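Enquirer: Take a look and give me a structure for this.
(one chain, ligands or ions: 1)
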Amino acid sequence: MQLPKWQNQLAESIKSPEALIEALNLPATLLPKLEKAHKMFPLRVTQSYLDKIEKGNIYDPLLRQILPLTEETIITEGYTTDPVEDKQFEKTPGLLHKYHGRVLLTLTGACGIHCRYCFRRHFDYSSSNPSKQNWDSALEYIQNDNSIYEVIFSGGDPLSLTDQRLSKLAHDIDQITHVKFLRIHTRQITILPDRVNEQFLGWIEKLRLKLIMVVHINHPNEIDQLTSDSLGKLHEIGVELFNQSVLLKGVNNNENTLIQLSLKLIENGVKPYYLHMLDKAQGTAHFNVNESTAKKLIKNMQEKLPGYAIPKLVREVPHTPYKKPINVS
Ligand code: SF4
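Expert: Numbering: from 1, shown residues only. Have a look, this model is predicted:
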């Protein structure tokens, strides 16, 4: 049987610093600087994402998100392996019940891209994968708690799973009448826009559940024509589209980039929703932007954009039952 295009691209993704250097015409002298961090959290990137990176530019904001740097090996005080303390909210393998009315399923540890700032880079997916249990314990938990109105597919990247597996799980959740919304958090729309194919659109369109997709785009260059087309297809069938960005030094920590990102999102039917402060995962300190800079950036955006284009500045605080808004006034 022929695999869908996106699955082939996923299988062929670049996974070594040597291949990345060659594909992007980067200086070979960079290689020794990448290897240590690559061993701790391996490099991975798709061709679709590489196509958006300027060749030969080691400061390209998209490249910064995937380039394993020596800085990641520095142990920094205040940075941990579980910055949002997710593990303690795990009720059955892979099911996190942290916020009222909502449960999150970490469906897979697999992603088509390894984002160097990822707060789950240390997460033990091998013991937290509900697919191994045939989903039964997670579904039973959701069925037995009728305060749960939303189920969130997360990961890793949930859209790394095949449509066959995802649609089966979504269909089972669709039968639980107190669940109203299905939310999918993914970066596939920018790193693998072909993921939004007919097969995928076919099953999501048939669900009773209202579908919400959060697309995790950090920079306007991540929205090229292919990504724009995929967003258009989702929008057309009534999927509610939101974006959540992480504020990242060297990537999007300037006013112009954030303004362009918001405008491009709105143009493509996506609501800029959260601008997230970095979760302090060990190895990510070089991406951190301090709070006063973050507030200034939002204030500057407020002077130039309509209210609907301004994301909420938030921080995840362990043990807080919601994302904590940061007051910018
Ligand atoms: S979980 Fe999300 S942020 Fe983390 S590596 Fe995967 S795609 Fe990137």
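Enquirer: what's the neighbour count on the nearest residue to Leu278 once chain neighbours are set aside?
Expert: Counting by Cβ to Cβ, 6 or more residues apart in numbering, Leu278 lies nearest to Asn288, which is 5.0 Å off, once chain neighbours are set aside. For glycine as for every other residue, the C-beta is placed from the backbone atoms N, C-alpha and C. Residue neighbour count, defined by other Cβ atoms under 10 Å, stands at 19 for Asn288.
Enquirer: Secondary structure class of Arg183, three-state.
Expert: Classification of Arg183 by DSSP: H, G, I helix; E, B strand; the rest coil places it in strand.
Enquirer: ok so, going back, so the residue nearest to Leu278 touches Ala281, yeah?
Expert: No. With contact defined as Cβ atoms under 8 Å, Asn288 does not count as touching Ala281 (10.6 Å).
Enquirer: Poorly predicted segments of the stretch 1-150 of the chain, please.
Expert: Within the stretch 1-150 of the chain, the ranges that satisfy pLDDT under 70 run 123-134.
Enquirer: Ok, the stretch 201-329 of the chain next?
Expert: Checking the stretch 201-329 of the chain against pLDDT under 70 turns up nothing.
Enquirer: secondary structure element for Ser245?
Expert: strand 240-246 (DSSP states H and E).
Enquirer: ok, which stretches of the stretch 1-150 of the chain are strands?
Expert: Remark: strands assigned in the stretch 1-150 of the chain by DSSP state E, counting those that start in this stretch are 90-92, 95-99, 102-106, 150-154.
Enquirer: Can you give me the neighbour number for Glu303?
Expert: Quick note: Glu303 (other Cβ under 10 Å) scores 7 neighbours.
Enquirer: ok, now which ones touch Ser154?
Expert: Leu104, Leu105, Thr106, Leu107, His185 (Cβ atoms under 8 Å, 6 or more residues apart in numbering).
Enquirer: can you check Asn197 too?
Expert: The contact partners of Asn197, by Cβ under 8 Å, 6+ apart, come to Pro4, Lys5, Trp6.
Enquirer: From the ligand, how far out is the closest residue in space to the first one that isn't next to it in sequence?
Expert: Okay, so that is Pro4. Of all residues not flanking Pro4 in the chain, Asn197 sits nearest, at 5.9 Å (Cβ to Cβ, 6+ apart). Using Cβ to the nearest ligand atom, to the nearest Å, Asn197 is found at 19 Å from the ligand.
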